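Undergrad: Sequence first, predicted coordinates after that:
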Amino acid sequence: MAANDLIRLEHITQSFGKQERKFIAIQDVNLTLNEGEFVVLLGPSGSGKSTLLRIITGLQRPSEGQVIYHGKPLLGVNPSAAIVFQSFALFPWLTVQENVEVALKARGVARQERIQRTTALLDKVGLDGFETAYPRELSGGMRQKVGFARAMAVEPELLCLDEPFSALDVLSAESLRNELLELWQSGDIPTKLILMVTHNIEEAVLMADRIIIMDKHPGRIVADFPVALPHPRDRKAPQFLELVDNAYSILAGQTQPEHLEMGSAPGEPGLTRALPHVEVSAISGMLERLELESADIYRLREELELDSDHLLRLTEACELLGFATVRQGDITITPLGQTFAEASILARKEILASRIRRLPLFRWLLALINAAKDKYLDWDVVITALELEFPSDEAERQLSTAINWARYAELFAYDDDEAVIYLPEDSPTPAVS
């Protein structure tokens with residue numbers, strides 16, 4: 001172990017479910033984190049970033065592999081670590097002062113020392129004068145400052161941040177980022193390593209000394225590189241834009257042959273391809289923009305006013321449907337995508353119906369509906385089957401997305417009152433082959 005190594009992950013794998021239908025959230029992650037680093041785990045939703053964070057802090061035990069902390073295996077919760085979550089997680093019945101003191105009280109710190117340390121921390125994060133305020137009296141940014149103060153009150157060696165700015169408005173998030181960087185760079189906090197999870201690419205390049213990019217299905221590390229730019233960083237500088245473009249290129253990947261892009265259906269050998277969680281209207285808007293010309297994916301984020309995670313899901317959906325291809329960070333509309341963008345509403349429905357019939361998840365759903373009594377299929381039946389392929393919350397998102405796409409294409413319908421999926425009476429039974 002090198003002198004400045006703080007954490008080492010050795011062959012970390014996290015899986016859920018039964019052996020025969022196991023869902024792998026993270027697969028064979030090996031990683032070393034060093035003292036003095038501000039490291040960002042960057043990746044799309046579902047890539048296992050937050051799961052990996054919980055494993056690193058000892059809040060979750062991996063299915064395989066081990067976490068080495070200061071050269072020794074980590075057993076249980078790491079007492080030298082603290083986490084700030086995206087939801088403010090404050091006790092509404094406690095004042096700002098009391099919310100921060102909670103962490104110190106839990107560690108047996110004497111009352112007078114608790115008061116002194118809390119007062120000093122609130123001053124550092126700009127909350128002096130609000131000690132007696134309740135969370136309901138504070139803005140989102142101020143509530144998150146209380147979360148930071150509570151985490152730093154225990155003087156953690158490792159400070160973990162799980163998308164801490166995602167619930168804030170743009171201006172509050174920007175202000176809090178700058179204040180955190182100021183505390184870190186000034187040495188005013190005893191923390192030796194900051195590890196932050198985000199899906200915001202610009203945020204990662206803005207703050208990190210080192211970026212580790214994760215991809216999904218299963219969660220794994222696909223890139224690890226330093227960010228050697230001085231602070232404060234200029235978002236318009238060529239070097240900054242180059243790093244952002246590179247990160248988008250890695251995350252967007254490259255369009256694969258159709259049989260690889262589509263994956264398999266539930267119950268079939270191979271990986272069940274998840275549907276990107278986007279609305280059909282958003283896909284239409286993306287294609288209408290691409291109808292004009294190919295585009296750098298990262299430049300579309302600002303133009304379309306989307307966060308990077310949503311933009312990457314849109315890109316994935318266009319690829320999956322055969323409406324666009326991706327190569328080296330550029331997205332290009334296909335002839336089919338061009339036809340869709342120029343078509344009338346009814347023609348778009350027909351095109352989308354023909355495309356989603358080809359997707360394994362829809363083939364599987366249509367087969368289930370056709371096999372069901374009176375061609376009415378209960379929501380719970382589908383969810384139970386999908387939970388063999390995905391975690392419970394993801395199974396629900398998959399079915400919701402499938403219903404949204406199918407309703408637009410008039411492929412099948414959904415009755416929310418009865419929670420059933422069915423074939424419209426005036427529609428012919430779709431082919432499932």
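TA: The structure has been received and is ready for your questions. Numbering: from 1, shown residues only.
Undergrad: Walking through the stretch 101-250 of the chain, point out its strands one by one.
TA: All strands of the stretch 101-250 of the chain, identified by DSSP state E, counting those that start in this stretch, fall at 158-162, 193-198, 210-215, 220-226.
Undergrad: out of those, nearest to residue 386?
TA: For the strands of the stretch 101-250 of the chain, distance to residue 386 was read as CB to CB. The smallest value, 21.6 Å, belongs to strand 210-215. Where you see a C-beta, it was placed from the backbone N, CA and C, and this is true even at glycine.
Undergrad: ok but residue 24 is inside a strand, no?
TA: Yes - counting by DSSP: H, G, I helix; E, B strand; the rest coil, residue 24 is located in a strand.
Undergrad: for the residue nearest to it when sequence neighbours are not counted, what are its contacts?
TA: Computed as CB to CB, 6 or more residues apart in numbering, the closest residue to residue 24 that is not its neighbour in sequence is residue 218, at 4.0 Å. By CB atoms under 8 Å, 6 or more residues apart in numbering, the residues touching residue 218 are 24, 25, 26, 27, 48.
Undergrad: List just the one of the strands of the stretch 101-250 of the chain that sits closest to residue 290.
TA: Of all these, it is strand 210-215 that lies closest to residue 290, at 23.3 Å by CB to CB.
Undergrad: could you give the angle of that closest one to strand 193-198?
TA: Angle of strand 210-215 versus strand 193-198, following axes from the mean of the first three to the mean of the last three CA atoms, to 10 degrees, is 40 degrees.
Undergrad: which residues touch strand 210-215?
TA: With CB under 8 Å, 6+ apart, strand 210-215 has contacts from 31, 37-44, 47-49, 52, 204-205, 220-227, 243, 247, 250-251, 253.
Undergrad: These in helices, which ones?
TA: Residues of the contacts of strand 210-215 located in helices (DSSP state H): 49, 52, 204, 205, 243, 247, 250, 251.
Undergrad: Of these, grab the buried ones for ChimeraX.
TA: Buried members of these, defined by 16 or more other CB atoms under 10 Å, are picked up in ChimeraX with:
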select :49,52,204,205,243,247,250,251
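Undergrad: I'd like the ones in helices among the contacts of strand 210-215 as JSON lines, with pLDDT and distance to residue 399 appended.
TA: Output for the ones in helices among the contacts of strand 210-215, formatted as JSON lines (pLDDT from 0 to 100; distance: CB to CB, whole Å):
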{"residue": "49", "pLDDT": "87", "distance to residue 399": "24"}
{"residue": "52", "pLDDT": "91", "distance to residue 399": "27"}
{"residue": "204", "pLDDT": "92", "distance to residue 399": "31"}
{"residue": "205", "pLDDT": "93", "distance to residue 399": "35"}
{"residue": "243", "pLDDT": "90", "distance to residue 399": "37"}
{"residue": "247", "pLDDT": "87", "distance to residue 399": "31"}
{"residue": "250", "pLDDT": "84", "distance to residue 399": "30"}
{"residue": "251", "pLDDT": "82", "distance to residue 399": "25"}
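Undergrad: From residue 127, how far off is residue 302?
TA: From residue 302 across to residue 127, the span is 32 Å (CB to CB, to the nearest Å).
Undergrad: Quick one: the strands of the stretch 101-250 of the chain as TSV, columns for distance to residue 145 too.
TA: As requested, these are exported to TSV (distance: least, CB to CB, whole Å):
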stretch	distance to residue 145
strand 158-162	13
strand 193-198	16
strand 210-215	25
strand 220-226	29
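Undergrad: How is this structure divided into domains?
TA: Domain ranges of the chain: 5-249, 280-422, per automatic domain parsing.
Undergrad: Between the two ends of stretch 294-311, how far is it?
TA: Chord length of stretch 294-311, first to last residue, is 15 Å (CA to CA, to the nearest Å).
Undergrad: ok so, going back, ok, which of the strands of the stretch 101-250 of the chain comes nearest residue 182?
TA: strand 193-198 (12.9 Å).
Undergrad: ok, that closest one: who's next to it in the sheet?
TA: strand 38-42 (parallel), strand 158-162 (parallel) (DSSP bridges).
Undergrad: got the CA coordinates for it in CSV?
TA: C-alpha atoms of strand 193-198 as CSV (Å, rounded to 0.1, in the frame of the first residue of the first chain):
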residue,chain,number,x,y,z
LEU,A,193,-10.5,12.8,0.9
ILE,A,194,-13.8,14.0,-0.7
LEU,A,195,-15.7,11.5,-2.8
MET,A,196,-18.7,12.8,-4.6
VAL,A,197,-21.4,11.1,-6.7
THR,A,198,-23.0,12.9,-9.6
